[in-house]
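Colleague: Give me coordinates for this.
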Amino acid sequence: MKKLLSLSLAVIALSSTGCAGMRAAAKSIDFETYIFEMDELGKAIIESLKAAAARGVRVRVLLDGVGSPYSAWATIPDLRAHGIDA
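Modeller: Presented below is the predicted three-dimensional model:
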C-alpha cells in the first residue's frame, strides 16, 4: 500500500509527524522543498533521510538552488555520499 505524506516544513517543525513518517518509510521518500536551511530542523530532516537510505529506502531529494542557495550546495554532496539521489 502506498502512502503519500505531504507536509510543509512548518508542520514538520511543529510536530514529529514528518520525521516519524520518514522513519516509517519502507520503499521510498521523495523530499522536495523551496527553502531549506541547515538549522536544527534541517539537520533532523537530513539525519532522517540518511537513516532511511541506510536501511534500503530509495531517497530522492530536490532542494531549490534559489530558495536555499547555501544549504543546497553544502548538503548535496553529503546526501549523495549516503546513497541519496540529490
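Colleague: so residue 43, which of the three states?
Modeller: When states are read from DSSP: H, G, I helix; E, B strand; the rest coil, the local structure at residue 43 comes out as helix.
Colleague: Contacts only, for it.
Modeller: For residue 43, no residue meets the contact criterion (CB atoms under 8 Å, 6 or more residues apart in numbering). Glycine gets a C-beta too; all of them are placed from N, C-alpha and C.
Colleague: can you pull the pLDDT of it?
Modeller: Per-residue confidence at residue 43 stands at 86 (pLDDT).
Colleague: Give me the helix or strand of the protein that scores worst on average pLDDT.
Modeller: helix 9-14 (a mean of 55; mean pLDDT, DSSP states H and E).
Colleague: Tell me the first helix or strand C-terminal of that one.
Modeller: helix 17-24 (DSSP states H and E).
Colleague: For the helix or strand just after that following helix, which residues meet the burial criterion?
Modeller: Once helix 17-24 ends, the next helix or strand along the chain (criterion: DSSP H and E) is strand 28-33. Buried residues in strand 28-33, counting neighbours by 16 or more other CB atoms under 10 Å, are found at 29, 31, 33.
Colleague: Ok, stretch 37-51 next?
Modeller: Under the neighbour-count criterion of 16+ other CB under 10 Å, stretch 37-51 has 38, 41-42, 44-46, 48-51 buried.
Colleague: contacting residues around the residue lying closest to residue 72 once chain neighbours are set aside?
Modeller: Leaving aside its chain neighbours, residue 72 sits nearest to residue 63 (4.0 Å; criterion: CB to CB, 6 or more residues apart in numbering). Residues near residue 63 by CB under 8 Å, 6+ apart: 32-33, 36, 71-72, 75-76, 86.
Colleague: what ranges of the protein fall below the confidence cut-off?
Modeller: 1-18 (pLDDT under 70).
Colleague: mind running it again at 80?
Modeller: Filtered on pLDDT under 80, the chain yields the residue ranges 1-21, 41, 71-72.
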